[in-house]
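next input, structure requested:
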Amino acid sequence: MSFLAQQPSEGTNRERPTRAVVRAARVLADAGVEGSRGEAEVLAAYVLGVPRGRLALADGLSLEQRRRFDALVARRAGREPLQHLTGSAPFRHLDLAVGPGVFVPRPETELLAGWGVEQARREAAPLVVDLCSGSGAIALAVAQEVPAARVVAVERSPAALSWLRRNAASRAAAGDRPVEVVVADVAAPELLDDLLGRVDVLLCNPPYVPADVVVPPEVGRHDPASAVFAGADGLAVIRPVVSRAALLLRPGGRLGIEHDDTQGAAVPGLLAGDGRYDSIAEHADLAGRPRFATAARRREAGGPRGSGGDGGDPRGPGGDGGNPPEPGGVGG
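The predicted model follows:
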C-alpha cells in the first residue's frame, strides 16, 4: 500500500512532483532522516530522470513512477543510505558509483581532497598516493583536477575494489588520467616499497571511529565495519599510516589524514611524536569540527624518535618487492 495519497494533477493520472515531495518528506522526517525535504527531492528527481533543480518544471509522476518512488522512500525511511538507492554519490566534481560493500564518501572528505589537489598543483608532475581508497573518491578527484598527476589508489577490500575499479574505469573512459590501483593492506610493512621516498602527496581517509561509538543506522547497518571502526581509540589504522607515510614521502612531501572529530589533538600528536614531520596543522570541517590533520616530511635526515639513527635502509625489511599497480585499463 502506498503512503502517498493518490491525487494526480488535474486532468491527468500523474502526481505533481512538489506534492509527492512534501508527503515523502513527512515520512522521512518521521523516520528520523535529517534533511528530509532535500532527500525527497533527490529521490523524485532520480525517478523522473531530471536534475533536482528542474524538479518543479518536470512532468508529474506516472502511476508506475509513483510506485517506484513510494518504494524508494520506504527504503530510505528504513535508513538505507540515499546513495545506495540512487547508486551514486556526488564528490567534488564527480558522481561515483557506490553500493553495498563500499564506504559512501562524505562531503567533509571533499575538504581533504581539495587540500590534496592544492598541494599536488605545486608540482610539475606530482606523484599522489591515496590510502584506504574505497570508492576511489579522493584518488579520482585528484586525477581529474590535476591532470599532470600520477595517482596511486590503495585498497584491500575485495568488495570495495570492485567499486573502485568501476569508478576508475568510468573516469578513464571520460578522459581523466587513469589511476593505478594497488591491492594491499595499508598496515603492511612492505606497502608500496617501489615508491619509497618518491611520493609528493599522500592522502588517507582511513577507518577511524572508536569501537564503542554508536553510529547512525546508515553507517552501522550498511557501511562496511572495516571501513568505519579502528580499535578502541579509533587510531589502529592511523598509527601505521603515519609511520609508513614518513618512508613513502620525499623530503618536503605532504601528508593529509582524515580523522574523527574527537581526535583533533591525538592525530597531530602522533605526527609530532613520530619525529619525522614538521608543519603539522589541524583543519576543521564546515561545521567547525576537527576533521583532518596535515604535515610535511622533514627535509633533514632522521628516523622516528627513539630509533637511535636515521632509520637505515628506507626500503625497510621488505626490500623493494612492493605492490605493483594492476595492469590493463585501470593501471597507469
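
okay, stretch 259-270 in PDB with CA atoms only?
Provided in PDB are the C-alpha atoms of stretch 259-270 (Å, rounded to 0.1, in the frame of the first residue of the first chain):
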ATOM      1  CA  HIS A 259      40.100  11.600  11.500                       C
ATOM      2  CA  ASP A 260      37.200  11.600  14.000                       C
ATOM      3  CA  ASP A 261      36.200  14.900  15.500                       C
ATOM      4  CA  THR A 262      37.400  13.600  18.900                       C
ATOM      5  CA  GLN A 263      40.900  13.100  17.600                       C
ATOM      6  CA  GLY A 264      41.800  16.700  16.800                       C
ATOM      7  CA  ALA A 265      44.700  16.500  19.400                       C
ATOM      8  CA  ALA A 266      45.500  12.800  19.100                       C
ATOM      9  CA  VAL A 267      46.400  12.700  15.400                       C
ATOM     10  CA  PRO A 268      48.600  15.800  15.400                       C
ATOM     11  CA  GLY A 269      50.200  14.300  18.500                       C
ATOM     12  CA  LEU A 270      51.000  11.200  16.600                       C
END
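
now that stretch: mean pLDDT?
Stretch 259-270 shows a mean pLDDT of 97 in the predicted model.

and the helices in the stretch 201-332 of the chain?
217-222, 238-248, 266-274 (DSSP state H, counting those that start in this stretch).

what's the shortest one in contact with?
Translated: helix 217-222. With contacts defined as C-beta atoms under 8 Å, 6 or more residues apart in numbering, helix 217-222 is touched by 79-81, 84, 100, 104, 214, 228. The way it works is simple: take the backbone N, C-alpha and C, and place the C-beta from them, glycine included.

next, the buried residues of that helix.
218-219, 222 (16 or more other C-beta atoms under 10 Å).

can you check stretch 25-39 too?
For stretch 25-39, by 16+ other C-beta under 10 Å, it's 25, 27-29, 33, 36, 39.

now swap in stretch 171-183 and tell me
Within stretch 171-183, the residues scored as buried using 16+ other C-beta under 10 Å are 171-172, 176-182.

for stretch 151-167, same thing?
In stretch 151-167, counting by 16+ other C-beta under 10 Å, buried: 151-157, 160-161, 163-167.

of these, which belong to strands?
151-155 (DSSP state E).

I'd like the buried residues of stretch 171-183 as CSV, with distance to V73 appended.
As requested, the buried residues of stretch 171-183 are arranged in CSV below (distance: C-beta to C-beta, whole Å):
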residue, distance to V73
R171, 31
A172, 35
D176, 34
R177, 39
P178, 38
V179, 35
E180, 40
V181, 36
V182, 40
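
just the ones in strands from those residues, please.
180-182.

just those residues now: which is nearest D274?
Nearest to D274 among those, counting by C-beta to C-beta, is V182 at 23.4 Å.

my read is that that closest one contacts L161, right?
No: V182 is beyond contact range of L161, at 10.1 Å (criterion: C-beta atoms under 8 Å).

overlap in contacts, these two.
Counting by C-beta under 8 Å, 6+ apart, the residues touching both V182 and L161 are E155.

how far away is the closest residue to R299 other than its chain neighbours from D278?
Spatial nearest neighbour of R299, excluding adjacent residues (C-beta to C-beta, 6 or more residues apart in numbering): P251 at 4.3 Å. Using C-beta to C-beta, to the nearest Å, P251 is found at 11 Å from D278.

likewise S226?
Applying C-beta to C-beta to S226 and D278 gives a distance of 32 Å.

may I ask which of the buried residues of helix 217-222 comes out lowest in pLDDT?
Ranking those by pLDDT puts E218 at the bottom, with 90.

D30 versus that residue, what's the distance?
As for E218, its distance to D30 is 16 Å (criterion: C-beta to C-beta).

in stretch 262-273, which residues are buried?
263-264, 266-268, 270-271.

which other residues reach it?
With C-beta under 8 Å, 6+ apart as the criterion, stretch 262-273 contacts 208, 210, 233-235, 238-239, 242, 255, 257, 259, 277, 280-282, 289-290, 293, 295, 305.

measure D233 to S243 for me?
16 Å.

check F292 too.
For F292, the distance to S243 - C-beta to C-beta - is 18 Å.

the more surrounded of the two?
Higher neighbour count among F292 and S243: F292, with 26 against 15, using other C-beta atoms under 10 Å.

what residues are bridge-paired with that one?
Judged by DSSP bridges, the bridge partners of F292 are E258, H283.

which residues touch it?
Contacts of F292 (C-beta under 8 Å, 6+ apart): 111-112, 115, 256-259, 282-283.

same thing but at 7 Å, please
Counting by C-beta atoms under 7 Å, 6 or more residues apart in numbering, F292 touches 111-112, 256-259, 283.

put the buried members of these into a ChimeraX selection.
Command for ChimeraX that selects the buried part of those, burial taken from 16+ other C-beta under 10 Å:
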select :111,112,256,257,258,259
